[in-house]
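Novice: can't give you the sequence, but here's the structure:
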(Lines give C-alpha, C1' and ligand atoms only; values in the text may rest on other atoms or scores of the structure.)
Protein backbone atom coordinates (compact mmCIF):
# COMPACT_ATOMS: atom_id res chain seq x y z
CA UNK A 1 0.00 0.00 0.00
CA UNK A 2 2.84 2.44 0.90
CA UNK A 3 4.83 1.57 -2.22
CA UNK A 4 1.75 2.09 -4.39
CA UNK A 5 1.21 5.54 -2.91
CA UNK A 6 4.86 6.42 -3.38
CA UNK A 7 4.75 5.36 -7.01
CA UNK A 8 1.46 7.22 -7.61
CA UNK A 9 2.84 10.41 -6.03
CA UNK A 10 6.05 10.07 -8.02
CA UNK A 11 4.13 9.79 -11.27
CA UNK A 12 1.73 12.57 -10.24
CA UNK A 13 4.66 14.86 -9.39
CA UNK A 14 5.74 14.80 -13.03
CA UNK A 15 2.67 16.85 -13.96
CA UNK A 16 3.56 19.99 -12.00
CA UNK A 17 7.22 19.49 -12.94
CA UNK A 18 6.34 19.49 -16.64
CA UNK A 19 4.16 22.59 -16.36
CA UNK A 20 6.74 24.37 -14.19
CA UNK A 21 9.47 23.87 -16.77
CA UNK A 22 7.18 24.74 -19.66
CA UNK A 23 5.77 27.84 -17.97
CA UNK A 24 9.13 29.16 -16.80
CA UNK A 25 10.72 28.57 -20.20
CA UNK A 26 7.96 29.89 -22.45
CA UNK A 27 5.79 32.14 -20.29
CA UNK A 28 2.60 33.45 -21.83
CA UNK A 29 3.99 32.80 -25.31
CA UNK A 30 2.78 29.21 -25.08
CA UNK A 31 -0.78 30.57 -25.37
CA UNK A 32 -0.05 33.58 -27.60
CA UNK A 33 3.00 32.73 -29.71
CA UNK A 34 2.64 35.93 -31.76
CA UNK A 35 2.88 38.09 -28.66
CA UNK A 36 0.28 40.72 -27.92
CA UNK A 37 0.15 40.05 -24.19
CA UNK A 38 1.30 42.53 -21.57
CA UNK A 39 4.70 41.93 -19.97
CA UNK A 40 2.94 41.79 -16.59
CA UNK A 41 0.93 38.74 -17.71
CA UNK A 42 4.10 36.95 -18.83
CA UNK A 43 5.84 37.90 -15.59
CA UNK A 44 2.97 36.60 -13.43
CA UNK A 45 2.63 33.42 -15.47
CA UNK A 46 6.33 32.59 -15.08
CA UNK A 47 6.17 33.35 -11.35
CA UNK A 48 3.18 31.05 -10.85
CA UNK A 49 4.91 28.38 -12.92
CA UNK A 50 7.83 28.53 -10.48
CA UNK A 51 5.39 27.71 -7.68
CA UNK A 52 4.62 24.48 -9.54
CA UNK A 53 8.30 23.68 -9.14
CA UNK A 54 7.97 24.10 -5.37
CA UNK A 55 4.91 21.82 -5.37
CA UNK A 56 6.99 19.19 -7.18
CA UNK A 57 9.82 19.45 -4.66
CA UNK A 58 7.43 19.20 -1.72
CA UNK A 59 5.85 16.10 -3.23
CA UNK A 60 9.28 14.56 -3.73
CA UNK A 61 10.17 15.37 -0.13
CA UNK A 62 7.10 13.51 1.17
CA UNK A 63 7.56 10.37 -0.94
CA UNK A 64 10.34 8.51 0.96
CA UNK A 65 8.49 8.69 4.32
CA UNK A 66 4.98 9.36 3.09
CA UNK A 67 3.45 7.76 6.18
CA UNK A 68 5.10 10.47 8.34
CA UNK A 69 4.43 13.53 6.17
CA UNK A 70 0.65 13.75 6.21
CA UNK A 71 0.57 17.43 7.17
CA UNK A 72 2.89 18.53 4.37
CA UNK A 73 1.04 16.37 1.86
CA UNK A 74 -2.26 17.82 3.10
CA UNK A 75 -1.01 21.38 2.51
CA UNK A 76 0.26 20.52 -0.96
CA UNK A 77 -2.98 18.76 -1.84
CA UNK A 78 -5.00 21.66 -0.46
CA UNK A 79 -3.09 24.09 -2.68
CA UNK A 80 -3.64 21.86 -5.72
CA UNK A 81 -7.33 21.39 -4.89
CA UNK A 82 -7.86 25.14 -4.43
CA UNK A 83 -6.19 25.61 -7.81
CA UNK A 84 -8.70 23.16 -9.26
CA UNK A 85 -11.54 25.17 -7.73
CA UNK A 86 -10.07 28.33 -9.28
CA UNK A 87 -9.96 26.60 -12.66
CA UNK A 88 -13.59 25.56 -12.17
CA UNK A 89 -14.52 29.18 -11.42
CA UNK A 90 -12.79 30.26 -14.62
CA UNK A 91 -14.44 27.45 -16.58
CA UNK A 92 -17.88 28.43 -15.21
CA UNK A 93 -17.57 32.18 -15.67
CA UNK A 94 -15.23 32.73 -18.63
CA UNK A 95 -15.50 29.46 -20.51
CA UNK A 96 -13.43 26.45 -21.39
CA UNK A 97 -9.68 26.80 -21.68
CA UNK A 98 -7.54 24.22 -23.41
CA UNK A 99 -8.14 20.49 -23.16
CA UNK A 100 -5.03 20.23 -20.98
CA UNK A 101 -6.43 22.82 -18.57
CA UNK A 102 -9.73 20.97 -18.34
CA UNK A 103 -7.89 17.71 -17.64
CA UNK A 104 -5.80 19.55 -15.06
CA UNK A 105 -8.94 20.77 -13.34
CA UNK A 106 -10.35 17.25 -13.11
CA UNK A 107 -7.07 15.88 -11.74
CA UNK A 108 -6.73 18.73 -9.24
CA UNK A 109 -10.25 18.22 -7.95
CA UNK A 110 -9.49 14.50 -7.40
CA UNK A 111 -6.31 15.13 -5.37
CA UNK A 112 -8.04 14.45 -2.00
CA UNK A 113 -7.80 10.75 -2.91
CA UNK A 114 -4.08 11.00 -2.12
CA UNK A 115 -4.92 12.24 1.38
CA UNK A 116 -7.25 9.34 2.06
CA UNK A 117 -4.61 6.92 0.77
CA UNK A 118 -1.91 8.58 2.90
CA UNK A 119 -4.07 8.32 6.02
CA UNK A 120 -4.54 4.60 5.39
CA UNK A 121 -0.78 4.13 4.93
CA UNK A 122 -0.05 6.14 8.10
CA UNK A 123 -2.60 4.16 10.12
CA UNK A 124 -1.13 0.88 8.92
CA UNK A 125 2.42 2.05 9.75
CA UNK A 126 1.33 3.14 13.24
CA UNK A 127 -0.31 -0.22 13.89
CA UNK A 128 2.84 -2.14 12.88
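Specialist: Great, that's in hand. For clarity, every value in this text was computed on a predicted model and none was experimentally measured.
Novice: pLDDT at residue 38, what is it?
Specialist: Listed pLDDT for residue 38 reads 94.
Novice: Then the one 3 residues further on?
Specialist: Listed pLDDT for residue 41 reads 94.
Novice: Now do the contacts for it.
Specialist: Applying CB atoms under 8 Å, 6 or more residues apart in numbering, we find residue 41 in contact with residue 28. Every residue, glycine included, has its C-beta placed from N, CA and C.
Novice: Would you mind measuring from it to residue 20?
Specialist: Residue 41 sits 18 Å away from residue 20, going by CB to CB, to the nearest Å.
Novice: what does residue 12 give?
Specialist: Counting by CB to CB, the gap from residue 12 to residue 20 is 14 Å.
Novice: out of the two, which sits in the busier spot?
Specialist: Neighbour count, other CB atoms under 10 Å: between residue 12 and residue 20, residue 20 has more, with 21 against 16.
Novice: The helix or strand hosting that one: which residues count as buried?
Specialist: Here residue 20, judged by DSSP states H and E, is contained in helix 2-26. Within helix 2-26, the residues that count as buried by 16 or more other CB atoms under 10 Å are 2, 5-6, 9, 12-13, 15-17, 19-20, 23-24.
Novice: now swap in stretch 29-48 and tell me
Specialist: Under the neighbour-count criterion of 16+ other CB under 10 Å, stretch 29-48 has 42, 45-46 buried.
Novice: of the buried residues of helix 2-26, closest to residue 37?
Specialist: Among the buried residues of helix 2-26, residue 23 lies closest to residue 37 (CB to CB), at 13.6 Å.
Novice: Spatially nearest residue to the closest one, not counting backbone neighbours?
Specialist: Spatially, and ignoring its direct neighbours in sequence, residue 23 is nearest to residue 49 (2.6 Å; CB to CB, 6 or more residues apart in numbering).
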